[in-house]
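1. Give me coordinates for this.
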Amino acid sequence: MTIEAEKAAAALAAVAEVQAGMLVGLGTGSTATQAIRALAARVGEGLAIRAVATSQASATLARDLGIPMLDFADVPRVDLTIDGADEIDARLYAVKGAGGAMLREKVVAAASDRMVVIADASKRVAAIGAAAVPVEILPFARASLLATLGEGAALRMRGDTPYATDNGNWIADCRLDLDNPAKTAAWLDAIPGVLGHGLFLAEVDAAYIATGEVVSRLERGDPPR
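-> From the prediction side, this is the model:
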């Protein structure tokens, strides 16, 4: 199977968790797009749900495909959020943010009763740390924040200009020591001007990972495998 086929298989498995009446959080990125399409197909078959999105791009796609959308600003709780990841390990530690939406993704995840990650086999790792960690920063503090984040921090660019998130902020992609992910996350959280980061250490409740035609589910609290 191709990577895209694996993404689609994982998305189908996760979307099967969606039940009538749910309010569903929709993630951002190429893998999350597969979930949006799979959910839209179920809506087209009569499944009555509503959704919120973690990015303008996901909201537009979902709306175009016929999924009833709400503004997350008006939503206190979400039943289930489905999103992708750049890396995920057996501890259900994940690195997210290649799509630039990790701050909104973390906010929606925090408001969700359950968060499920979907991924192709290439995203399953023994321990997170190979991928750069995206950090959303306040543009006003660009120089000082890049200095604080260290030599492994690079401002994400779109052509000749900094990449801007839906929140109007910038992203530094950072090579960080993740031998102790919780310590690194706490360090990032404590830096004034860092608005969010892509370390998801407690948010993910389960992961559907497709390897070829086989989709495995990792559930928080299950024995390591």
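
2. List the beta-bridge partners for Val52.
-> Under the criterion DSSP bridges, Val52 forms beta bridges with Gly25.

3. can you pull the contacts of it?
-> If a contact means Cβ atoms under 8 Å, 6 or more residues apart in numbering, then Val52 has Leu23, Val24, Gly25, Leu26, Met69, Leu70, Asp71, Phe72, Val75, Val78, Val108 as its contacts. Glycine gets a C-beta too; all of them are placed from N, C-alpha and C.

4. Among these, which one lies nearest to Val15?
-> Using Cβ to Cβ, Val24 is the member of these that sits closest to Val15, with 8.9 Å.

5. Quick check: the gap between that closest one and Ala153.
-> Applying Cβ to Cβ, to the nearest Å, one obtains 34 Å for the distance of Val24 from Ala153.

6. Assumed Ala185 was part of a helix.
-> Yes: assessed by DSSP: H, G, I helix; E, B strand; the rest coil, Ala185 belongs to a helix.

7. Please name the nearest non-neighbouring residue to it.
-> What sits nearest to Ala185 in space, not counting adjacent residues and going by Cβ to Cβ, 6 or more residues apart in numbering, is Leu199, at 4.5 Å.

8. number of nearby residues for that neighbour?
-> The local packing count at Leu199 equals 27, with neighbours defined by other Cβ atoms under 10 Å.

9. All the helices of this structure, in order from the start?
-> For the chain, the helices identified by DSSP state H occupy 3-15, 30-44, 56-64, 102-110, 142-149, 181-189, in order along the chain.

10. mind checking how far the longest one is from the chain centre?
-> In this case it means helix 30-44. When distances are taken as Cα atoms, centre = their mean, to the nearest Å, helix 30-44 is centred 15 Å away from the chain's centroid.

11. ok, now the third one?
-> A distance of 16 Å separates the centroid of the chain from that of helix 56-64, by Cα atoms, centre = their mean.

12. and it, what's its mean pLDDT?
-> The pLDDT scores in helix 56-64 average 98.

13. still on that earlier bit, so the residue nearest to Ala185 makes contact with Asn180?
-> No: contact criterion Cβ atoms under 8 Å: Leu199 and Asn180 do not qualify, at 11.3 Å.

14. And stretch 38-56, end to end?
-> Using Cα to Cα, to the nearest Å, one end of stretch 38-56 lies 19 Å from the other.

15. so Pro139 makes contact with Pro162?
-> Yes: under the criterion of Cβ under 8 Å, Pro139 makes contact with Pro162 at 7.3 Å.

16. The two: who's more crowded?
-> For Pro139 versus Pro162, neighbours defined as other Cβ under 10 Å are more numerous around Pro162 (17 against 13).

17. What residues does the more buried one make contact with?
-> Here Pro162 is in contact with Pro139, Arg142, Leu155, Arg156, Trp170, Ile171 (Cβ under 8 Å, 6+ apart).

18. and what of Tyr208?
-> Tyr208 makes contacts with Ala10, Ala11, Ala13, Ala14, Val116, Val117, Ile118, Ala119, Val215, Ser216, Arg217, as judged by Cβ under 8 Å, 6+ apart.

19. Over to Lys7?
-> If you count contacts by Cβ under 8 Å, 6+ apart, Lys7 has them with Ser30, Thr31, Gln34, Gly84, Ile118, Ala119, Asp120, Ala210.

20. Of those residues, which is the nearest to Met102?
-> Taking Cβ to Cβ as the measure, Met102 lies nearest Gly84 of the contacts of Lys7, at 11.0 Å.
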